[in-house]
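S.K.: pasting the sequence and the predicted model now:
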2 protein chains.
Amino acid sequence: MAQMTNNEIYAFLTKGTMTAKISTASRIGKPHVAPVWFVVDWDLSQPGTDLEITFTTYSKSVKAKQLISNPQVCLCVDDQTPPYSFIIINGNVDIDRSPNEEELLRYTTRIAERYMGTEKAERYGKRNAVPGELIVRVRPTKIIAQKNVSD
Amino acid sequence: MAQMTNNEIYAFLTKGTMTAKISTASRIGKPHVAPVWFVVDWDLSQPGTDLEITFTTYSKSVKAKQLISNPQVCLCVDDQTPPYSFIIINGNVDIDRSPNEEELLRYTTRIAERYMGTEKAERYGKRNAVPGELIVRVRPTKIIAQKNVSD
């Protein structure tokens, strides 16, 4: 087992179609976790730039409701094949509850491109840019990133 | 998107080296999520037999500490490639805090066999059957199982 460098963290989070398992909790401690499609913004060439993870979710989902009442998040991205690697990020979220239509479509299209491919990006982007969809940005406070866990 | 049958749920949870992302929370709502290796017991030929998910964890881990003070869990197992499928299980946990040595070794070996293969099972089983390791059994209260999400 070894720790990932920042470059390895960025590469891991943006690799293929890895989903983030978003863990939230109610204020009285009821846990929830669900997979989401996400994109990463992190300019490693600019010192001090923070990693930002963005996803969209429908306002009536459990995660949206829990995040609105309790904007703390913990998320996990993992490679579930040997030698196994994972990243766990604790953070707070900023929720845009009435996003600008163009900005929402820009995110849903960018996310669809990652997960469905360039050809289907426009169609899936439109399908997901519906009224009630929120933009959620994770601001990390702690990152644990371990590679080759079973080595 | 379609719901999985019980046979599909069992097949999905036991396929290859899928990890479970175990979400826990403190009593004041601090969420946490981490990947674990697990095994499934579910005798579908016996009507009324409940699905049981078992994993082991070290007593000083965040998940162990949160589960001891708040034995609620939500876990996610997902296929992060198109057409994307996932299972989310809410439940309560039974924690064996001072497991019988033989029983602990039996679980760690069975789990190691799944994730590291038959040849390495004994070695990894022993490596993980250490004092302080707890056996955690998830008793599901709700199962959401969706296949082919992007279809």
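M.R.: Good, I have the coordinates.
S.K.: buried residues in the top strand by length along chain A?
M.R.: What stands out as the longest strand in chain A, according to DSSP state E, is strand A:133-147. By neighbour count on 16 or more other Cβ atoms under 10 Å in any protein chain shown, the buried set for strand A:133-147 is A:Glu133, A:Leu134, A:Ile135, A:Val136, A:Arg137, A:Val138, A:Pro140, A:Ile143, A:Ala145, A:Lys147. Where C-beta positions appear, they are placed from N, C-alpha and C, glycine not excepted.
S.K.: break down chain A into its helices, ranges please.
M.R.: Per DSSP state H, chain A carries helices over the ranges A:6-13, A:62-69, A:101-116, A:118-128.
S.K.: in contact with A:Asp96, which residues?
M.R.: By Cβ atoms under 8 Å, 6 or more residues apart in numbering or on different chains, A:Asp96 lies in contact with A:Glu103, A:Leu134, A:Ile135, A:Val136, A:Arg137.
S.K.: hmm, back to that, and the longest strand of chain A, anywhere near chain B?
M.R.: No: for strand A:133-147, no contact with chain B is found by Cβ under 8 Å from any Cβ of the partner chain; the gap never falls below 8.8 Å.
S.K.: quick one: that strand to helix A:6-13, angle?
M.R.: Strand A:133-147 runs at 120 degrees relative to helix A:6-13, counting by axes from the mean of the first three to the mean of the last three Cα atoms, to 10 degrees.
S.K.: what packs against strand A:133-147?
M.R.: Contact here means 3 or more Cβ pairs under 8 Å, 6 or more residues apart in numbering or on different chains; DSSP states H and E; on that basis strand A:133-147 packs against strand A:2-3, helix A:6-13, strand A:52-58, helix A:62-69, strand A:85-96, helix A:101-116.
S.K.: up against chain B, what does chain A have?
M.R.: Residues of chain A found near chain B (Cβ under 8 Å from any Cβ) are A:16-19, A:21-35, A:70, A:72-76, A:78, A:80-82, A:84, A:86, A:88, A:90, A:115-116, A:124, A:150.
S.K.: show me which of the residues you listed are buried.
M.R.: A:18-19, A:21-26, A:29-35, A:70, A:72-76, A:78, A:80, A:84, A:86, A:88, A:90, A:115-116, A:124, A:150.
S.K.: switch the helices and strands packed on strand A:133-147 over to a markdown table; also include mean pLDDT.
M.R.: Output for these, formatted as a markdown table (pLDDT from 0 to 100):
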| stretch | mean pLDDT |
| --- | --- |
| strand A:2-3 | 96 |
| helix A:6-13 | 97 |
| strand A:52-58 | 98 |
| helix A:62-69 | 98 |
| strand A:85-96 | 98 |
| helix A:101-116 | 98 |
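S.K.: distance to B:Ser45 for those - can I get that in a markdown table?
M.R.: As requested, these are arranged in a markdown table below (distance: least, Cβ to Cβ, whole Å):
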| stretch | distance to B:Ser45 |
| --- | --- |
| strand A:2-3 | 44 |
| helix A:6-13 | 41 |
| strand A:52-58 | 38 |
| helix A:62-69 | 33 |
| strand A:85-96 | 35 |
| helix A:101-116 | 37 |
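S.K.: pLDDT score assigned to A:Thr49?
M.R.: pLDDT for A:Thr49: 89.
S.K.: that one: how many residues sit nearby?
M.R.: 11 (other Cβ atoms under 10 Å in any protein chain shown).
S.K.: do you know how far it is from A:Ile95?
M.R.: As defined by Cβ to Cβ, to the nearest Å, A:Thr49 lies at a distance of 22 Å from A:Ile95.
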